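# only geometry, no sequence info:
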């Protein structure tokens, strides 16, 4: 009886507090401010309510209800004075014609300068990218038109992006640049494998970013990691179709800064061209360091190249290889990689002759070759002397340094 009275007293104390905080979230429903689904551009209304929400001194939520909403282009910029949430329940749709983007040098949806920010709601950002993919010739045309990113996040802190989908972007699906303490959770990215340059999430100049429990299928890297990235944790991500999870490419810009503390763990790659990859350009000026990389507990399902360290990265013959990469890679752990590969080179370590890879540890590799064309299933090792232990299928490097 005394215990019941005690808990009743506790509830009486905290219920008013909880009720106050539940009521203190101000909801800005765009449909209540004049936005209409079905074709009318919602950007003027969204810009108006966003400004009001940023000015609010209590927690606020901008709500895009269920339905289909046409959005031409928007910049949602802080600072915000209190916690702010963008709840997308419906589907936001872009114009399929990339030439109709109002600001040609901008992204489709840009969100900048926020602290204490959430995107949620189960909705979809649909970039309608098919026409743009067909017109994309940027790999051979340096004057190709700039195509917009679906969701561009810059200079944000203490944020979570969860339970939403970005679909069929004309360019990268999402970037996260110059930001700290950001989590992507249950974040879905969807585009066909043949969609050009549609990286899932591009991350650069960040610290303490997490990508968790997410499903990414696209036509380029599922996640691409740029310079000045520190403490990035990727776990329980499903990647495919796509090009895998890549650190780089790096080296072309002399101002690039070090990358350190990258963990890719408990991820599954299905039908991708690569699993995990590090790529640096040869004959390039940058001298940054890439260190403390941990690729662990990975499952490969019919992947072309499960693990790649490529310091001679030179796509479409856009460079020469007469000088080696000047980038040092060190502190690399590859552990417990299993599944199937469809090329004869399961693990490829092509390190720089001027900066050989250092402190490389490889353990518990169990991969099976699945291809109708017979081949000698092996690994390739250049300018690296890894320490190996545990299962080695296929054999790891011709003359490795064995673990004691």
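Now that the structure is in, tell me what you want to look at. From a predicted model like this one, the values you see are computed outputs, not experimental measurements.
# Am I right that residue 31 is in a helix?
Yes - checked against DSSP: H, G, I helix; E, B strand; the rest coil, residue 31 lies within a helix.
# for it, what are its contacts?
37, 65 (CB atoms under 8 Å, 6 or more residues apart in numbering). (C-beta placed from N, C-alpha, C; glycine too.)
# And residue 100, by the same measure?
Shown here is residue 100, whose contacts under the criterion CB under 8 Å, 6+ apart are residue 72.
# and it, how far is that from residue 243?
According to CB to CB, to the nearest Å, residue 100 and residue 243 sit 29 Å apart.
# do residue 229 as well
Remark: distance between residue 229 and residue 243 (CB to CB) = 18 Å.
# more neighbours, the two?
residue 243 (25 against 22; other CB atoms under 10 Å).
# how near is the more buried one to residue 24?
Between residue 243 and residue 24 the distance, using CB to CB, works out to 45 Å.
# Then residue 239?
Distance from residue 239 to residue 24, counting by CB to CB: 40 Å.
# Would you mind telling me which of the two has the busier surroundings?
Each of residue 239 and residue 24 has its neighbours counted (other CB under 10 Å); residue 239 has more, 31 against 13.
# Return the per-residue confidence for the nearest residue to that one once chain neighbours are set aside.
Of all residues not flanking residue 239 in the chain, residue 222 sits nearest, at 3.8 Å (CB to CB, 6 or more residues apart in numbering). At residue 222 the predicted local confidence, pLDDT, stands at 98.
# and residue 222, what does it touch?
Residue 222 makes contact with 189, 199-201, 216, 237, 239-240, 242-245, 272, according to CB under 8 Å, 6+ apart.
# Likewise for residue 255?
With contact taken as CB under 8 Å, 6+ apart, residue 255 is in contact with residue 286.
# What distance do you get for it to residue 264?
When distance is defined by CB to CB, residue 255 is 26 Å away from residue 264.
# which sections of the stretch 301-404 of the chain are below the confidence cut-off?
Residues of the stretch 301-404 of the chain that meet the criterion pLDDT under 70 lie in 398-404.
# Residue 367 falls within a strand, correct?
Yes - residue assignment for residue 367, taken from three-state DSSP, places it within a strand.
# three-state assignment of the nearest residue to it once chain neighbours are set aside?
Leaving aside its sequence neighbours, residue 367 sits nearest to residue 346 (CB to CB, 6+ apart; 4.8 Å). Under three-state DSSP, the three-state class of residue 346 is strand.
# go on, residue 132?
When the rule is three-state DSSP, residue 132 gets the label helix.
# all helices for this structure, in order.
Here the chain has its helices, by DSSP state H, at 2-23, 43-55, 130-135.
# Next, the buried residues of the shortest one.
To tie it back to what came earlier, the one meant is helix 130-135. With burial defined by 16 or more other CB atoms under 10 Å, the residues of helix 130-135 counted as buried are 132, 133.
# what sits up against it?
Helix 130-135 is contacted from outside by 96-98, 145, 147, 168, 170-171, 194-196, 198, 219, using CB under 8 Å, 6+ apart.
# Buried ones among those?
Applying a neighbour-count criterion of 16+ other CB under 10 Å, the buried members of the contacts of helix 130-135 are 98, 147, 168, 170, 171, 195, 196, 198, 219.
# How about the third one: what's its closest non-neighbour residue?
For residue 168, ignoring the flanking residues on the chain, the nearest one in space by CB to CB, 6+ apart is residue 129 at 4.4 Å.
# where's the one you found relative to residue 32, distance?
Counting by CB to CB, the gap from residue 129 to residue 32 is 31 Å.
# More neighbours: which of the two?
Neighbours around residue 129 and residue 32, counted as other CB under 10 Å, are more numerous at residue 129. The numbers are 29 against 12.
# right, and that one touches residue 191 too?
Yes - assessed by CB atoms under 8 Å, residue 129 is found in contact with residue 191 at 6.9 Å.
# Is residue 309 bridged to anything, and to what?
Using DSSP bridges, the beta-bridge partners of residue 309 come out as residue 278, residue 349.
# which residues does residue 362 contact?
The contact partners of residue 362, by CB under 8 Å, 6+ apart, come to 333, 334, 335, 347, 386, 387, 388, 389, 392, 396, 400.
# any low-confidence regions in the stretch 1-150 of the chain?
Looking along the stretch 1-150 of the chain with the criterion set at pLDDT under 70, you get 1-23.
# and stretch 212-225, which residues are buried?
Of the residues in stretch 212-225, those buried under the neighbour-count criterion (16+ other CB under 10 Å) are 212, 214-225.
# Okay, and which of those residues map to strands?
Among the buried residues of stretch 212-225, the members falling in strands (DSSP state E) are 212, 215, 216, 217, 223, 224, 225.
# could you dump these to JSON lines with distance to residue 259?
Conversion of these to JSON lines gives the following (distance: CB to CB, whole Å):
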{"residue": "212", "distance to residue 259": "20"}
{"residue": "215", "distance to residue 259": "25"}
{"residue": "216", "distance to residue 259": "20"}
{"residue": "217", "distance to residue 259": "25"}
{"residue": "223", "distance to residue 259": "13"}
{"residue": "224", "distance to residue 259": "12"}
{"residue": "225", "distance to residue 259": "7"}
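# Of these, which is the nearest to residue 287?
Top of the list for closeness to residue 287, among those and by CB to CB, is residue 225 at 18.2 Å.
# Contacts only, for the closest one.
Contact analysis of residue 225 by CB under 8 Å, 6+ apart lists 203, 204, 232, 245, 246, 247, 248, 259, 262.
# And the residues you listed, which two are furthest apart?
Using CB to CB, the pair of the contacts of residue 225 lying farthest apart is 204 and 245, separated by 14.3 Å.
# Give me the more crowded residue out of these two.
Each of residue 204 and residue 245 had its neighbours counted (other CB under 10 Å), and the higher figure belongs to residue 245 (28 against 18).
# thought the more buried one was touching residue 223?
Yes - the pair residue 245 and residue 223 qualifies as a contact (CB under 8 Å) at a distance of 4.7 Å.
# what touches both of these two?
Shared contacts of residue 245 and residue 223, defined by CB under 8 Å, 6+ apart, comprise 234, 237, 239.
# Great, nothing more from me.
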